[in-house]
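1. following is a predicted model, sequence given first.
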Amino acid sequence: MSIYEAYIAVGSNMGDRLNNCQDGINELIKKTESEFIEQSNFYQTQPMYVEDQNWFINGVFSIKTKLEPHDLFQWAKKIEIQFGRDTTAKRYGPRVLDLDILIMDKLKINTQLLNIPHPRLHERRFVLQPFCDIAPDLIHPVLQKSIKELLDDLDDEDQKVYCCQ
């Protein structure tokens with residue numbers, strides 16, 4: 001049985017955003033019987049794509065898990081729904097909880113349901129900033145750059161990100 005190290009983004013822009021994120025992390029760890037490794041600071045972040053909505057709270061955490069990638073993904077989606085995520089809502093719109101697998105070891109998965117590494121993580125300051133808190137030297141398995149290099153290369157200064165802690 002393999003044990004994977006997974007980096008997961010967490011976000012919320014509805015209700016008690018900070019507690020939604022922390023409770024979502026705790027619930028994923030409990031339900032998947034994963035081992036918690038590390039967690040970033042939380043950041044208040046400007047919405048992307050759909051800008052007419054509340055700002056988000058975002059963070060990144062890492063776990064060790066025995067679950068295969070698709071199983072971890074299914075658990076993340078179940079927990080989002082448990083927290084009240086509307087699966088019929090507009091893409092990139094408001095959400096109570098969002099859990100996205102960013103990187104899982106050096107795996108490269110590209111299916112209709114799941115893409116690892118996350119295909120847009122290198123475009124998103126709201127992911128890269130907290131990711132740098134816990135794994136700045138981690139090498140992206142496809143782009144072959146560290147998370148810190150990806151953040152430094154990001155040219156979109158319009159993405160506002162403020163540390164909450």
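-> All right, it came through fine.
2. which residues are contacting the least confident helix or strand in the chain by mean pLDDT?
-> Ranked by mean pLDDT, DSSP states H and E, the helix or strand of the chain with the weakest confidence is strand 161-163, at a mean of 85. Strand 161-163 is contacted from outside by 41-46, 58, 125-126, 129, using Cβ atoms under 8 Å, 6 or more residues apart in numbering. The C-beta positions use only the backbone N, C-alpha and C, and glycine is treated the same way.
3. mind redoing it with 10 Å?
-> 40-46, 55-56, 58, 124-130, 133 (Cβ atoms under 10 Å, 6 or more residues apart in numbering).
4. with stretch 133-153 instead?
-> By Cβ under 10 Å, 6+ apart, the surrounding residues in contact with stretch 133-153 are 5, 7, 37-43, 59-62, 102-108, 110, 116-119, 121-125, 127-132, 163, 165.
5. now do it, average pLDDT.
-> Averaging pLDDT along stretch 133-153 yields 97.
6. specify the beta-bridge partners of the residue nearest the centre of the chain.
-> Per Cα atoms, centre = their mean, the C-alpha nearest to the average position across the chain is that of A9, at 1.2 Å. Here A9 sits in beta bridges with V60, D100, going by DSSP bridges.
7. PyMOL command for the buried members of the contacts of strand 161-163?
-> Applying 16 or more other Cβ atoms under 10 Å to the contacts of strand 161-163, the buried members can be selected in PyMOL as follows:
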select buried, resi 40+42+43+44+45+55+56+58+124+125+126+127+128+129+130+133
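8. now do the buried residues in the least confident helix or strand of the chain.
-> Result for strand 161-163 [16+ other Cβ under 10 Å]: buried residues V161.
9. contacting residues for the closest residue to V10 other than its chain neighbours?
-> Nearest residue to V10, sequence neighbours excluded (Cβ to Cβ, 6 or more residues apart in numbering): C21, at 4.7 Å. Counting by Cβ under 10 Å, 6+ apart, C21 makes contact with 9-12, 39, 42, 56-59, 61, 97-99, 164.
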